[in-house]
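please work out how this folds:
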Amino acid sequence: MRKIFLTLLLIIFSRICSAPNIDFRLRLLTIRSLSEVITEKYHEAELTRFINDLGFRESRNNWLSVNQIGCFGEWQFHEATLKYLGYRKITLKEFQENPNIFPPELQLKALKTLIKVNLSLLMDYEHMIGDSIHGVRITKSGMIAASHLGGAGSLQKFLDSKGLIDRKDVLGTSISDYLKKFSYYDLR
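Sure, this is the predicted structure:
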């Protein structure tokens, strides 16, 4: 993805710089604007890829999925998480009776809200991005995924303990598993 981005930037840059009648400052502003647009599109594509891969890992991208511990939807939300996010009327029982109370668009909105909430809870840990703990590289995307798995508190305990406290969910997936699995996305 980065190679494509750099190639596009190089092509655009060479075309703009070779225009004979454009003032240099105008060319520079145009290059900056295009660079910002391309960078924004790149990060949007990375976030979309991350969200799709997280959905695949959680439920094989099945928005109707309910797992054995009662988490539901494409991103396997727990009822308590939804209540915390303000979705008080969406319960497991209601979802099983009528899945349309929590359609894919609303699930995506809830996920994006959860990501923002978790990132705000993890602001004091941003300085750890780029560090390694027991061979696990800490990245923003890994932190988002790990906090989705076990909550921001479980990730904070992992980071504070330098990996000694590595909680697992009921199905046996650990915080470090998600930190590794989702560490390769270039998110802002």
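
how is this structure carved up into domains?
1-60, 62-110, 122-188 (automatic domain parsing).

where do the strands sit along this structure?
Ranges of strands within the chain are 132-133, 136-137, based on DSSP state E.

got CSV for the ones you listed, with mean pLDDT too?
CSV is the format used below for those (pLDDT from 0 to 100):
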stretch, mean pLDDT
strand 132-133, 96
strand 136-137, 96
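
need the ones you listed in CSV (columns: distance to Val117 and mean neighbour count).
For every residue, glycine as well, the C-beta is placed using N, CA and C. Below are the strands of the chain laid out as CSV (distance: least, CB to CB, whole Å; neighbours: other CB atoms under 10 Å):
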stretch, distance to Val117, mean neighbour count
strand 132-133, 23, 14
strand 136-137, 23, 18
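
hmm, back to that, compare the mean pLDDT across the domains of the chain and name the weakest.
For the domains of the chain, the weakest mean pLDDT is recorded on domain 1-60, namely a mean of 81.

gap between that one and the chain center?
19 Å (CA atoms, centre = their mean, to the nearest Å).

how about stretch 96-107?
21 Å.

now swap in stretch 113-120 and tell me
Using CA atoms, centre = their mean, the offset of stretch 113-120 from its chain centre is 10 Å.
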